[in-house]
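# let's see this in three dimensions:
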Amino acid sequence: MSLLRTILALVILLIVTHAALVFTGIERSTNALTEGIYGLGVLFESPTVVALNALGESLPAWLDPANFYAVALVSAAGYLLLYLLLGVGD
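So this is what the prediction gives:
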């Protein structure tokens, strides 16, 4: 169980780092590290985009699936929820 929680913590850190790189305006092609962070960030945020698109019109206006920051924060919150739920009962 602790291995899964460690992996989820690293995924959360990666998503927050991806959002910080986009916020600061660092380009994807700066170096290999940023290329990897951008690639993995998009990969880990894609389930959130699918879920937000599936919910459709029932979402508030600020939770637009096309808004990068909304998707990144909801992704990080979802992985944090999984992280916390894996710790319940230990």
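# only C-alpha atoms from now on, for both contacts and neighbour counts.
Will do.
# tell me the contacts of residue 64?
Shown in contact with residue 64 (C-alpha atoms under 8 Å, 6 or more residues apart in numbering): 52, 70, 71.
# save the residues you listed as JSON lines, and put in distance to residue 64, neighbour count and pLDDT too.
Listed next are those as JSON lines, based on distance: C-alpha to C-alpha, whole Å; neighbours: other C-alpha atoms under 10 Å; pLDDT from 0 to 100:
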{"residue": "52", "distance to residue 64": "8", "neighbour count": "19", "pLDDT": "91"}
{"residue": "70", "distance to residue 64": "7", "neighbour count": "16", "pLDDT": "93"}
{"residue": "71", "distance to residue 64": "8", "neighbour count": "22", "pLDDT": "95"}
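# just the ones in helices from those residues, please.
52, 70, 71 (DSSP state H).
# next one: the last one from residue 81, what distance?
According to C-alpha to C-alpha, to the nearest Å, residue 71 and residue 81 sit 15 Å apart.
# hmm, back to that, with distance to residue 29 added, can I get the ones in helices among the contacts of residue 64 in CSV?
Formatted as CSV, the ones in helices among the contacts of residue 64 follow (distance: C-alpha to C-alpha, whole Å):
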residue, distance to residue 29
52, 28
70, 23
71, 22
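# ok, the residues you listed vs residue 11, which is closest?
Closest approach between these and residue 11, by C-alpha to C-alpha: residue 71, at 14.4 Å.
# which one of the contacts of residue 64 sits closest to residue 28?
Closest to residue 28 out of these is residue 71 (18.2 Å), distances taken as C-alpha to C-alpha.
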